[in-house]
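J.: sequence unavailable; structure follows:
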């Protein structure tokens with residue numbers, strides 16, 4: 001079972017969240033700390049932009065909506081990992097699992113992705 005409730009690095013594609021909390025040396029990914037435990041082994045989940053893909057997040061804006069922070073809301077939403085992406089844009093993300101020491105962890109099972117838009121979109125997805 002996995003639970004994405006804490007990040008140690010939140011800098012997906014170089015967009016630091018919250019602003020000012022990252023160092024220049026921080027890798028450009030989100031690292032969910034102690035995200036999963038399988039057979040007694042606890043490990044992290046890392047989400048990173050891959051290939052020639054570019055991350056184009058929703059900009060932060062003022063609003064009373066709970067998701068109005070756009071990229072500033074990346075990271076944790078309850079026990080879910082949250083990544084904000086601008087409507088109509090594409091990005092290729094890699095999700096990998098590793099120990100704190102950087103050793104890869106292979107898991108089997110299912111990952112569930114949920115798309116919950118707070119705003120209305122009258123857009124057509126790109127082919």
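T.: All right, it came through fine. Because the structure is a prediction, the values reported are computed rather than measured.
J.: give me the below-cutoff pLDDT ranges for the protein.
T.: 61-68, 116-127 (pLDDT under 70).
J.: which stretches of it form helices?
T.: Counting by DSSP state H, the chain forms no helices at all.
J.: now for residue 60, how many residues are close by?
T.: Neighbours of residue 60 under the rule other C-beta atoms under 10 Å: 17. (Glycine included, C-beta is placed from N, CA and C.)
J.: please identify the buried residues of stretch 74-86?
T.: Buried residues in stretch 74-86, counted by 16 or more other C-beta atoms under 10 Å: 74, 75, 76, 77, 81, 82, 83, 84, 85.
J.: need the contact partners of stretch 27-44.
T.: For stretch 27-44, contacts defined as C-beta atoms under 8 Å, 6 or more residues apart in numbering pick out 1-14, 45-49, 74-76, 81, 83, 97-100, 105, 107.
J.: quick check: bridge partners of residue 31?
T.: Taking DSSP bridges as the rule, residue 31 bridges to residue 9, residue 46.
J.: what distance do you get for it to residue 95?
T.: Residue 31 is 11 Å from residue 95, where distance means C-beta to C-beta, to the nearest Å.
J.: so these two - more neighbours on which side?
T.: For residue 31 versus residue 95, the count of surrounding residues by other C-beta under 10 Å is larger for residue 31: 21 against 15.
J.: that one and residue 9: what is the separation?
T.: In terms of C-beta to C-beta, residue 31 sits 4 Å off from residue 9.
J.: and of the buried residues of stretch 74-86, the nearest to residue 60?
T.: residue 84 (9.2 Å; C-beta to C-beta).
J.: just give the nearest non-adjacent residue to that closest one, would you?
T.: Spatially, and ignoring its direct neighbours in sequence, residue 84 is nearest to residue 58 (4.5 Å; C-beta to C-beta, 6 or more residues apart in numbering).
J.: understood, closing this out.
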